[in-house]
Every structure is written in structure tokens, then in C-alpha cells.
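Dropping a prediction and its sequence here:
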Amino acid sequence: MSKPDEPTHESDASDDEQHPLEWDEPENNRTDPEERDAITNDEEKSDARKIVTGEARYTGDFRDRFPELAEATIVRSDVAHGYVTDVDTSEAEAMDGVYAVLTPFDEEVPDTLYSSSGQSYPEPSPWDMRVLRKHVRFVGDPVAAVAAEDTETADRAARKIDVEYEELDYVLDVEEATEPDAPRLFEDDEVENQQSGADYERNLESHFEGEIGDVDAAITEADEEYTLETVAETPYQSHCVPEPHTTIAYTDEDGRYTFITATQVPNHTRRQLSHVFDIPIRDIRVIKPRIGAGFGAKQEMVLEPIALALHRKAGVPVAVEVTRREEFYAMRFRHPMKLRVRSAANEGGELEAVELDITSNAGAYGTHGMTVAGVAGTKSMPVYAGTPNVRFVGDVVHTNLPMGAAMRGYGAPQGHFALETHIDELAREIGDDPIAFRKRNAVREGDLDKIAAILDDNDRFARRIRSCGIRECIDRGMEAIGWEDIEQPAAEHRHRGVGVALAAQGSGVAGKELGAAQIRMNEDGSFHLEVGGVDLGQGNDTMFAQITSEVLGCPPEDVVVTSSDTDLTPFDYGSYASSTTYISGRAVKEAAEDARERLLYWGAKLLDESPENLETADGEVYSEETGESVTLEEIGYEATYGDDEREQILGKGHHSTDESPPPFAAQFVDVTVDERTGEYEINKLVCAVDCGVAINPPLAEGQVEGGEHMSLEFATSGTLEFDEDGNPQTLGFRQYGMPRTTDHPPMETILVETHEPTGPFGAKSIGEIPTNGVAPALSNAIRDAVGVRLTSLPIEPEDVKAALEERDD
């Protein structure tokens, strides 16, 4: 059934004018590989040695700055739904060493509604939280807090606090939650929500839908044998951050509230604290030290309000650090979803229609609820951007379970699992080869992706695909996994199969990002780069130095990076949505370009040449005509101490855009299944990724491998369990089942270079896309091996065995 790999859909003239294929990029943005100096090099991660030697300082390590530091413990609800009617704190307050006890009824605790989600302003997520809760909505809601001289005292005091509740009925299932007689989680005065379709009488945080073409008509008109409907289900997933959520709050010598805190979004957190406590933004400082990973969990203002309220009451600096147990039931998680996919193809194997209908469990609060659910479709379906008829529908529902929030991939792993298992099954059902079907229908360079904007009122955020290596990803991944050369095991009960899943993502949030940077030159020719972009461990600071080095012609080690201090560094939205290289990196490049102009000015002065004849490289400014040069150090001293003219050489840059070019990937899984037991062994993972130009290939490969590990966990083991009363049963790594290094199959990463003209030196994002593919590729590999389809995660041996028994009945 395979057809030539030719484009089948064209854009009209108005599309071409609004979203042109050609992009006016700076001349130096496109460099030949042999002409690159600092980018695409294996530059050692700037903090690597500090981390492995234990010298890196995380939030908790700053305790030694504060001799009077108080340690805090949070008292959490032990009922799934109810009202706090009384809190007896008398025994706790009478204890020696207790500095402060807080309840929802204290004047130090604001009653202001807010959203904890670290998003742009105004937050798209509803304002539905308070610092401490009188109305509790899940087991784990914070209802009181203690600050004491040490953690042991705080813990003992917390256990002496007696909380009384008026218990209410609760609901744990999303389908039951929308029934007319279901318990209502929010009254009208308990939430401010501007999202589409909110209906709190039905516990509905949001309903949304968008359509291109006419899906129902296309499916009705298609031959029945070329249509398919499938249902998928995905679970909770924990971020499993190595460093728990930690915050230190204190007042500096100028009376300003200061936070050392593990956050992905320093500037958003500062703004939100200003809102909650009615404090001017100028009087709040947020400092992000080294972070032990975030993965989206720290794209939230979780502990900072409690820390500040305790600090104001206790009058001493306060540290709040949650336990691993709290991380597993009271923090933030990937949203569970139920997803239905319908599609139709024609006899030529071309997709005519795709519909994705999702129901997302927001849990007790709406942080990131609608936006994550939206991404489930607007990131996965653009893999097939040429499909003429597309519909995307979603409901975001509240239950009395822990809240979902941002997590690496941000809804895309759920959407890709549903869509890529469906596409694989559709190809098999119509007798097509899964690879050929994907190649025929997948997005290509030049396409206009309107699916990315399917939920918008206009096509402002439709994406012209200016770089796309998805077919090369497929080809190189097939070769690496041995697609054509799979050998079956000798034992008749063991069967081997291979599966593939395609993936796309974005590079920042189109129209909702801002990054800024400043560079200043020292007199010895070195530079200080100040940037608001947040390094969570990915290596962003190293990447920023490489971009700076490439522009200025200095060694990367001569660039000292200071990041993520709201007093010292320029504004940046933070590290999320795969935005840092594309948005913050572009701001860094623009700041370096600005500084470079001044280098050329001073180089021209010293060389007595026109700046137009000069270039920077190897620590020098040199003449392309005469070959003469002057060192950056000579320029630094002349600019700083010159006789007739002096200047602090500075460069400033900022970047925001409506563009969000997608990276692409092809994920492959090789699996062997024992049909007697349902046990399976993953023999190898291969991920081929088009991230544009990789600024630092080893760090990019590390991002892929870490993302694949998270995707493997999502596919095979990680989930949260609750009893019938909503009490958490998963309280640590032992119960959770994160794959260990000894459990991990071999991985091979392939970086497919394309050039994205809107990105710095042609770069796109890479941080999230590898989380999208392992789960669907594993399901597809098992289908290839033993002929059964698994559509619920995690995929465990008993699920495979049950499917095999059902097949054989």
C-alpha cells in the first residue's frame, strides 16, 4: 500500500503571507560546522565537578548562614474533603523551642486567593488556593505549620496540634465527579477562573474544543474498514526530584523579604508573593541556588508562602524542607488522563481525520490543569499536521486526590501515548506498514501546522515548519534498532518485536515568553554574563557561556555566568516549556552581539581600521584585510583606562516571539515477550532527535537519556496508589517502583542536525521531547511481538498476560 513520500496538502496565499517559510535571520546565525568555535563542542558542564565532589550548594546548604534559623513542619489534612472547624495549638505553643504556630485563622496567614502555578501573568490557571486551607480537598492539604529551633522539635509540636473537621463526601473518580449528585469541591466564592467551560457545579475546571475541517463528515464518508476508535489511560507520575522542595525565608538588612529557594521560576514566584501578601515587588528578592532537578515540580510556588508567614510570625529566618513522604503525596504530579482517539484514512493510506477527546484529572486544585490538557493535543497531533480534518476536545475535572501540575513533557506524554498507539493500530488494521504509514502522513518542512493553534480563535500561533528532520530520525533509528534484522528467540514461547513512535514538542510557549541577558566586560578580556534563565541541572549555564563565546570570540571559560537572582539578573519567565535554549539563549546571543559591536569599535580604534573589516575569534579582534589583531585584554584595558575615552563595555539583549518551532523525534523499542507469563524484556531503546543545532551535543544526549528514563518509568512502573478513602498508599521510592540503573536497557541517542532559522545558531529545544516516546513505542513493540494491544499505563506483565488470554479465548 506504500505510496511515494510526497506532500499532499498546500497552504493558501494568505497563510504564506502570515507565516512565511523564509525567515530573515542574522547572517552569523547559520554557520558551517567547520567554522564553529564554541558551539556544538563537548564543553564540560560548568558545575559538574562541584556536583560530583559535593561542593555545589543547594538551598538546604545555606542554613549555615543563619545562626537563628528556625526549622518548619507542615501539618496536613488527613481527610479527603471537609472544613477545618477548630485547631487546638495550645500544647504545641507551650513547648520549649517552638517559635511560631500558624493556622488558617491567624492574621499572619493571608486569605487571598492565588494560583501556585508559575505561569505568565495573568495566570491562565485559576486562583483557587489559600496559604493554609480551611476547606480541605485532599489528604495532604496544608492546614497548619510550626517553626521551631530544630526539625525534631517542629515535628513533635506538629504532632501535638489537634485539628477538627466537618467531614464532607468526597469523589475520587473523574467520571463520577461530573455527575449531578457528586460532592462539589468549590463554591463560587472559593475560586476565580477565567478559563473556558468552567462549571464548578459539575467539578469542571475547564472544557475546551477546537476543530479544523469536519471530522464527523470525514469519518462517516470513509470506508468503515479504514476507520478506528481506541481508548487509552495514563496514570499519576511523580517527579521524583532528588532534592525535595526547600525554601529559606528571611528579612535582609534593608527590611526586604528574601528567599533562597529551589524554584524554576524566580520572577513568577516574586510576583505571586507580592500578590498574596500585598507587598511591593521591589521589597521581595528571590534567589535560585543550585537545584537538584525540577522537571516541572518546581514550576510552582509551593512552600514560599508558608515560609514567609512563619517567618513574619516567628521573627527569625525560617527553613521549610518537605520529606520524601510528602513529595509522594502532597506536592505535584503528572495528570492522569483518559483519552479517546478516532480516525479515518483513505485507500491510499493517507489520514483524512483525527479526533482526540481527553478527560484530565486535575485533582484537588487547578494548577496547570487546562494548559497541560491542551498540550496533550496541541503537541501530539501536529506530528500529522497535514491531516485535513482534526478535532480536539477536553474536560479538566476536579477530584479529591492530589493535584496534577507541570511535569516534563507537560501533557504531551499522555497525548503521544494515545495517538501513537492508535496510529500504529490503524496502520496494521488497514494492512499498511507502520513505518510507511507514518512517513506518508508525518509533518514535513514547509507545512503550516494549524493544529498547534486549534484551541485559539485565530491562526496567530499556527506554526510554519522551517526545520524538520523527522524522516531522517526514522531512517537512522530503524538502522540503529535493526528494524529489518530482528531475530526471533529459539524458545517457542518467547517472541521479539520492535515498535516505533513519533514525537513533537515545542520551543517555549508561543507569545508567552520573555528572556533577557546582560554582558559586561572585565579589563582582562573576560566577561560576566547575567541571565535570568534558570539552570535546573540541564547545563544551561554552560550553554549560555558557549553562545557568548561563539559571538565574542573568547574561550567559554572566560565567561562567568550569574543566573536567577531577581535582584541581580535580568527578567526571565523561568525554565519550563523547553524554552531556555530557544528563548533565553537567543537573549544571550543578542546581548553578546550588542557587546561585540563595542569590541569592534574599540578594536577599530586600536587598529586604525574600519569596524566593517574586523572579526572576533581566538580571544582577539582581527582584521580580515591586513591580518593584524588586538587581544580582548588589550581592548578591556584601553576601554576601562584609556586617556581620551573610557567605557564599560556592556551588551544587553532580550527575546520574545510568537514562534515555537517543534523538535521532532523517532523513538524505537526492541522487546522480547514471554507469552506464558506476560513478562517482557526491553532489549534496547533508540531515540533519534531533531533539535536543530545542538549547542552542546553531550549535554543534549544527556537530556535525551534522562527523558527516556522518565518515559520508561511512565511506561512500565511508576504510579501512585490510593485507598477507597483517598489515603495515599505510595509514600516512597520502594512502593513507587522507579527503574534503577540495573533495570535500565541499553540506550542509543542519535542527534539529527537540522537548522532552525528562528533559534540561536539554528537550535531548537530538546529537554521535554524524549519523555514522549517510550510508552507508545513499547506498546507498539509488544503488539509487534505477540499481537496484543496494551492501552493503559503502566504496562505490567500481568496486563500482557491478561491480554494474551483474552486473545486466545
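Looks like it came in fine. As the structure is a computational prediction, the values presented were derived from the model and not from experiment.

Please make it C-alpha for all contacts and neighbour counts, starting now.
OK.

For stretch 597-616, measure first residue to last.
10 Å (CA to CA, to the nearest Å).

residues in contact with that stretch?
Contacts with stretch 597-616, where a contact means CA atoms under 8 Å, 6 or more residues apart in numbering, come from 551-553, 621-625, 628-630, 632, 635, 639, 649-650.

hmm, try it at 10 Å
521, 549-554, 593, 595-596, 620-632, 634-636, 638-639, 647-651 (CA atoms under 10 Å, 6 or more residues apart in numbering).

just the buried members of these?
521, 549-554, 593, 595-596, 620-623, 629-632, 634-636, 638-639, 649-651 (16 or more other CA atoms under 10 Å).

Leaving out the residues flanking it, which one is nearest to L168?
G82 (4.7 Å; CA to CA, 6 or more residues apart in numbering).

Across the sheet, point out what pairs with the one you found.
With DSSP bridges as the criterion, G82 is bridged to V136, E167.

pLDDT wise, what is it at?
As predicted, G82 sits at a pLDDT of 98.

Show the contacting residues for it.
134-138, 164-170, 185.

next one: L778
L778 makes contact with 417, 421, 497-501, 667-671, 682, 685, 712, 715-716, 784, 790, 795 under the criterion CA under 10 Å, 6+ apart.

quick one, helices of the stretch 251-400 of the chain?
Along the stretch 251-400 of the chain, the segments classed as helices by DSSP state H, counting those that start in this stretch run 266-277, 304-314, 324-327, 369-378.

Compile the ones you listed into TSV and extend it with columns for mean pLDDT, distance to I465 and mean neighbour count.
Output for these, formatted as TSV (pLDDT from 0 to 100; distance: least, CA to CA, whole Å; neighbours: other CA atoms under 10 Å):
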stretch	mean pLDDT	distance to I465	mean neighbour count
helix 266-277	98	31	22
helix 304-314	98	40	24
helix 324-327	97	39	18
helix 369-378	98	15	26
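
As CSV, those with distance to E347 would be great.
Compiled in CSV, the helices of the stretch 251-400 of the chain are given as follows (distance: least, CA to CA, whole Å):
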stretch, distance to E347
helix 266-277, 51
helix 304-314, 58
helix 324-327, 51
helix 369-378, 26
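
Spell out the secondary structure type for R184.
Three-state call for R184 (DSSP: H, G, I helix; E, B strand; the rest coil): coil.

Tell me if I'm right that it and T399 touch.
Yes: judged on CA atoms under 10 Å, R184 makes contact with T399 at a distance of 9.2 Å.

neighbour count winner among these two?
T399 (31 against 22; other CA atoms under 10 Å).

how far away is that one from E190?
In this view, T399 and E190 are 16 Å apart by CA to CA.

Any idea which residue is closest to the centre of the protein?
R408 (3.6 Å; CA atoms, centre = their mean).

Is that residue in a helix, a strand, or coil?
coil.

hang on, isn't it packed against V241?
No: counting by CA under 10 Å, R408 stays clear of V241, with 11.6 Å between them.

Pull up the overlap in contacts between those two.
In contact with both R408 and V241: G294, F295, G296, A297, using CA under 10 Å, 6+ apart.

who touches the last one in this structure?
So that's A297. Contacts of A297 by CA under 10 Å, 6+ apart are 117, 238-241, 244-245, 263-264, 327, 331-334, 404-408.

next one: the third one
Applying CA under 10 Å, 6+ apart to G296 gives the contacts 117-118, 239, 241, 263-265, 332-334, 405-410, 575-577.

cutoff 6 Å now
By CA atoms under 6 Å, 6 or more residues apart in numbering, the residues touching G296 are A406, M407, R408.

ditto for the second one
F295 makes contact with M407, R408, according to CA under 6 Å, 6+ apart.

Quick check on it: phi, psi?
Torsion angles at F295 (phi, psi; degrees, to the nearest 10) stand at phi 60, psi 20.

Before I go, just wanted to say thanks for your time.
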